[in-house]
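1. Would you be able to build a 3D model of this:
(one chain, ligands or ions: 1)
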Amino acid sequence: MALYAELHRHLGGSVVPRILWRYFERNQADLTQRFPNYESFEDFYTRPRNTLDEYLELHTLVEKVQTAETLPYFIYRLMRGAFVFENLAYLELRYTPFLRTPEHLSQSERIDLMASVVEVVGRASQMSEYPIVTSQILCMHARLPYEVNRAIVDLAAQMPEYVCGIDLAGGDNHYGDRLDEFIQLYDNARSLGLNTTGHLYETPDGCHPALLPYLMRVGHGIQIPLKHSELLPQLAAQGQCLEVCPTTYLKTGTMQSIHELKVVFDRCFEAGVDIAICTDNAGLHNMRLPFEYESLLTHDIIGFDELQACQDAAFRHAFAWKHKQHPVSILNEVLRPELSAV
Ligand SMILES: [Zn+2]
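-> This is a model prediction of the structure:
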């Protein structure tokens, strides 16, 4: 049995449509009345969008219902599915804690509540029934003010028992005029010893080379091999890994066909740049991580050797995985004591 490490999964986008529908039926029946039946809801929830912005808008639907009270409900189901259906040994869950606090409170009250959200997520995701090694990535957000993003970085540094790194989300086409601010935030994060990833080079409008040196992993980064391959040797030299999420590019309109990914993998392998294959928003996509791998194989984008290289890369670049030197083939041996200790 192959085991997988998932490095890029959003807490909001990881709720599968059936679970969300059941939750609405039980708790917010008015929302289900917008749809004649479950199938029409699933179609609405999972269908491709024309742009990244339109796609990201869907996150707000889930963010609103993921509160401190309801997060354990969603996380329990997420971990159960990840263990039973995906063979995940390791999972980094990412989200913006500020967006899980009540909207009617003041900004400073919401900032104060972020730590309790992190704790709720941390406790809910560590369960002996589904023993996946798990940690959180806190996402700064392109649409949130500096003070909030700064507080997110500080919080990540204060809660290493639950948090393994930080991210920047919200659409890489929206960083433009605030680039200096985000550089400063990342610079501060690195000085605090935090691990860093960030959504970057996902879309043609999201190519910001000035941010690259601050990232240990690049969220997506597909525009680098596609349009800026001169940067690949620099990435290889710095050991930066791309978190490639194949289904996302079809759902956001960034790619028209999965075959466009072939050049991404070919150029990265040639240059020695690691790729971790990830789901991004497994629920929104109705997708499981092993099927992302299988789909790349069946479309002849990678072969079995490359598949294993990507599996290994995911464990090697995991922020909170303690056995980075072990290839997947002996993971089982390594994993047993790790899991029994959970
Ligand atoms: Zn993402």
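2. where along this structure do the strands fall?
-> With DSSP state E as the criterion, the chain has strands at 4-10, 88-95, 133-141, 163-169, 197-200, 217-220, 241-244, 275-277.
3. and residue 155, which of these is closest to it?
-> Proximity to residue 155 (CB to CB) singles out strand 133-141 among the strands of the chain, at 6.5 Å. Backbone N, C-alpha and C define where each C-beta goes, glycine included.
4. relative orientation of the closest one and strand 88-95 in degrees?
-> Per axes from the mean of the first three to the mean of the last three CA atoms, to 10 degrees, the angle that strand 133-141 makes with strand 88-95 is 20 degrees.
5. Tell me which other helices or strands strand 133-141 touches.
-> Here strand 133-141 touches strand 88-95, helix 107-125, helix 146-158, strand 163-169, going by 3 or more CB pairs under 8 Å, 6 or more residues apart in numbering; DSSP states H and E.
6. before we move on, the earlier item: output the strands of the chain as JSON lines; include the columns mean neighbour count, distance to residue 283 and mean pLDDT.
-> Formatted as JSON lines, the strands of the chain follow (neighbours: other CB atoms under 10 Å; distance: least, CB to CB, whole Å; pLDDT from 0 to 100):
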{"stretch": "strand 4-10", "mean neighbour count": "26", "distance to residue 283": "9", "mean pLDDT": "97"}
{"stretch": "strand 88-95", "mean neighbour count": "25", "distance to residue 283": "12", "mean pLDDT": "96"}
{"stretch": "strand 133-141", "mean neighbour count": "25", "distance to residue 283": "17", "mean pLDDT": "97"}
{"stretch": "strand 163-169", "mean neighbour count": "25", "distance to residue 283": "16", "mean pLDDT": "97"}
{"stretch": "strand 197-200", "mean neighbour count": "27", "distance to residue 283": "18", "mean pLDDT": "98"}
{"stretch": "strand 217-220", "mean neighbour count": "26", "distance to residue 283": "18", "mean pLDDT": "98"}
{"stretch": "strand 241-244", "mean neighbour count": "27", "distance to residue 283": "17", "mean pLDDT": "98"}
{"stretch": "strand 275-277", "mean neighbour count": "25", "distance to residue 283": "17", "mean pLDDT": "98"}
